[in-house]
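>>> structure, please.
(one chain, ligands or ions: 1)
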Amino acid sequence: MKFHRAERERHSSVGHAPPTFFDSASQAFLAWLTASGAEINRKVGLQDLRSVQAGRGVVAIANIEEDELLFRIPRASILSVENSDLTSKLPTSVFEELDPWLSLILVMLYEYEKGQESNWAAYFGVLPQEFNTLMFWTPEELEQLQASAVRDKIGKDSADEAFRKHLIPIVNQYAQVFYPGDAYERAKTMQEEDILTLLHKMGTLIMAYAFDVEPAELKKEVDEEGYASEDEDEALPKGMVPLADMLNADADNNNARLFYESNSLTMKALCPILAGQEIYNDYGPLPRSDLLRRYGYITRNYTQYDVVEIPFEAVIATVCDPEPSGMDSIARLKTSCPQTFSYLEESGLFESGYDISYSSSFSIFESLSPELIVLVESLIMDDDAFGKLKAKGKLPKPDKISPKGAVLLHRLVKEKIASYATSLEEDESENVVVPVDKGYTSTERRVAMAKLVRIGEKQILKEADKALATLALELGWSEMETMDGQLKKRLAEDAPDGAVKKRRT
Ligand SMILES: C[S@@+](CC[C@H](N)C(=O)[O-])C[C@H]1O[C@@H](n2cnc3c(N)ncnc32)[C@H](O)[C@@H]1O
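So this is what the prediction gives:
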């Protein structure tokens, strides 16, 4: 693949361009944005934070007051489907068949390929070319996440499939539009894999940088408190909002917010910000595993949102009777618990996995997903009792765990602990820090981040293990007498020492 000069410079760096080019790209970007009608408060600056592995960031140069305007971006400067001239070059039907994410990827590919001809050329100059998000980790690096459920959520294959099915045919059919003039010759030499790589980069940029842009006239329905449903937010068009997306985030250090106005988007201070402090946006209450997947970094402040996920498959395998091998979980549940299957499915209890969340002083009912408790209790309930609940359109209560339920939940936690390649004690035997110095490789940083993620998950599991063992002990083990022989044997192996003693006496 050949690149224009500026593009070659961008591609030559790891993540971002080298120092001189880095600063001049920032200046060119700010100059372009101001010329486009943006208003930028003199008290804010775009800074080079590569020394702390944070790319660029927005920093207060002087003290800022609460509610003070940090910058105003005209809607016309947003890199979006609405603002790109690609829509006038392709039949409308093309965009009607694409969701907001794929539409913006296509537009970004088009604008990126236009090089200096694009209105957003200076903006592309400050967007990174390389990423630390999980999509770009090697298999060996991903291995460091061990049994973390995030490994199943990277979605590279499904994105590949969507790009091959929906976008590449459009790029091929309208190659003259995407690669006009000389570039058309270049396009012919580009392999499908090159286009795929570019599409993945655009997709990654959208995941980590784009905003759901509320239209100038809000058409979505809001509830009494003014909130729209999640589905309606999902349907909002996505847009890349220059400068607003240069704000980093660090959980509750959030001190700025983007407001949608009819002709512009304004970033305002949520509280007083002192000179020298970084201005942070809010990326949401994400567990560190997800932060790594979507944004490629973690900080300690996100520990409070950590979760560990118990896979659906594991719940069925542990709770339902053993079935002939080769059956998937749903088939297995259908066969072993036919009376409950359809009702549970209708009740929306089937999820790919169930969260156990971090809580500062661990509480079972605050941490365990209510759906997990309800699912386990439903699966172990006898047919008569379950039938009565079902007749009333009810389910077991999420705030009540039976003795057998406690034992099984405990077993699920134990099994999840065992699925990690190393123990918490091994991981914690040395102090893990993510190195920021230039001397370290991105692999060293990724390995450290992965280790912190898996330690976070194992710490939650350790608390859940303790709490469920205690609960099982408190509830007694009489329920075990009603269990089938094999399950009873498995659970006996699993019983906390105290519980076994208690039963014997
Ligand atoms: C919306 S962009 C923010 C601007 C970005 N720093 C840049 O230079 O382009 C999100 C990306 O910034 C980086 N980032 C955000 N917050 C960070 C933080 N607290 N520490 C380190 N990197 C951070 C991550 O690479 C993330 O994917």
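
>>> CA atoms for contacts and neighbours, from now on please.
OK.

>>> centre of the chain to the strand or helix carrying residue 45, how far?
Assigned by DSSP states H and E, residue 45 falls within strand 44-48. Mean-position distance between strand 44-48 and its chain equals 26 Å (CA atoms, centre = their mean, to the nearest Å).

>>> tell me if the next helix or strand after it is near the ligand.
Per DSSP H and E, strand 44-48 leads on to strand 56-60 as the next helix or strand towards the C-terminus. Yes: using CA under 6 Å from any ligand atom, strand 56-60 reaches the ligand at 56, 57.

>>> and the contacts of the next helix or strand after strand 56-60?
Per DSSP H and E, the first helix or strand lying C-terminal to strand 56-60 is strand 69-74. Strand 69-74 has contacts (CA atoms under 8 Å, 6 or more residues apart in numbering) with 36-41, 43-44, 241-242, 263-269.

>>> ok so, going back, so which elements touch the strand holding residue 45?
Under the contact criterion of 3 or more CA pairs under 8 Å, 6 or more residues apart in numbering; DSSP states H and E, strand 44-48 touches strand 56-60.

>>> before we move on, back to that, using ChimeraX, define a selection of the buried residues within the contacts of strand 69-74.
The ChimeraX selection below is limited to those of the contacts of strand 69-74 classed as buried (16 or more other CA atoms under 10 Å):
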select :38,39,40,44,241,242,264,265,266,267,268,269
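
>>> now, which of the contacts of strand 69-74 lie within strands?
39, 40, 44, 264, 265, 266, 267, 268, 269 (DSSP state E).

>>> ok, back up a step: the strand holding residue 45 - what's its average pLDDT?
Strand 44-48 shows a mean pLDDT of 97.

>>> got the CA positions of that strand in PDB?
What follows is strand 44-48, C-alpha atoms only, in PDB (Å, rounded to 0.1, in the frame of the first residue of the first chain):
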ATOM      1  CA  VAL A  44      -7.200  24.900  27.800                       C
ATOM      2  CA  GLY A  45      -4.400  23.300  25.800                       C
ATOM      3  CA  LEU A  46      -3.800  20.100  23.900                       C
ATOM      4  CA  GLN A  47      -0.900  18.500  25.500                       C
ATOM      5  CA  ASP A  48       1.600  15.700  24.700                       C
END
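
>>> each with direction, which strands does it pair with?
Strand 44-48 pairs in its sheet with strand 56-60 (antiparallel), by DSSP bridges.

>>> the partner strand to strand 69-74, inter-axis angle?
Orientation of strand 56-60 against strand 69-74 (axes from the mean of the first three to the mean of the last three CA atoms, to 10 degrees) gives an angle of 130 degrees.

>>> report the buried residues of strand 56-60.
Buried, per 16+ other CA under 10 Å, within strand 56-60: 56, 57, 58, 59, 60.

>>> tell me the one of these nearest the ligand?
residue 56 (3.5 Å; CA to the nearest ligand atom).

>>> nearest residue to the closest one in space, please, no chain neighbours.
Of all residues beyond its chain neighbours, the one nearest residue 56 is residue 48 (4.9 Å), with distances taken as CA to CA, 6 or more residues apart in numbering.

>>> before we move on, back to that, can the strand holding residue 45 be said to contact the ligand?
No: Strand 44-48 is not in contact with the ligand by CA under 6 Å from any ligand atom; minimum separation 8.0 Å.

>>> okay, now the domains of this protein?
The chain breaks down by automatic domain parsing into domains covering 5-285, 306-504.

>>> now the longest one, how far from the centre of its chain.
When you say that, I think you mean domain 5-285. 16 Å.

>>> go on, the shortest one?
On the basis of CA atoms, centre = their mean, domain 306-504 sits 22 Å off its chain's mean C-alpha point.

>>> I figured residue 110 hits residue 86, correct?
Yes: shown here, residue 110 and residue 86 form a contact pair, counting by CA atoms under 8 Å, at 7.3 Å.

>>> poorly predicted segments of the stretch 101-250 of the chain, please.
Scanning the stretch 101-250 of the chain for pLDDT under 70 picks out the ranges 182-189, 218-234.

>>> which residue packs closest to the residue of the stretch 351-500 of the chain found nearest the ligand, ignoring adjacent ones?
In the stretch 351-500 of the chain, no residue comes nearer to the ligand than residue 436, which is 9.7 Å away by CA to the nearest ligand atom. Counting by CA to CA, 6+ apart, residue 436 lies nearest to residue 52, which is 5.4 Å off, once chain neighbours are set aside.
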